[in-house]
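A.B. asks: No sequence on hand, only this structure:
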């Protein structure tokens, strides 16, 4: 996923911590820096696959908001 797409999803989720909570990685060592890095580097494919349903749901919300 591109850095732009990832950043848009993180923002739509409510920020770095909210996105980490959504994925269930909050509390893992370095989670805040990890999520923040994704905004510049893009989300790794492994993370996208591990949390596919949650990410797809958030993508649909973002696209619905853009269409409105």
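C.D. replies: Looks like it arrived, so ask away. Worth saying up front: this structure is predicted, and the values here are computed from it rather than measured.
A.B. asks: which phi and psi does residue 13 have?
C.D. replies: phi -80, psi -20 (degrees, to the nearest 10).
A.B. asks: which residues touch residue 64?
C.D. replies: Applying CB atoms under 8 Å, 6 or more residues apart in numbering, we find residue 64 in contact with no residue. Quick note: C-beta positions are derived from backbone N, CA and C, even for glycine.
A.B. asks: Please point out which parts of the helix or strand hosting it sit buried.
C.D. replies: Secondary-structure element containing residue 64, defined by DSSP states H and E: helix 52-67. Buried positions in helix 52-67, judged by neighbour count with 16 or more other CB atoms under 10 Å: 55, 58, 62.
A.B. asks: Which one of the residues you listed is nearest to residue 11?
C.D. replies: Taking CB to CB as the measure, residue 11 lies nearest residue 62 of these, at 8.9 Å.
A.B. asks: and residue 33, how many neighbours?
C.D. replies: 10 (other CB atoms under 10 Å).
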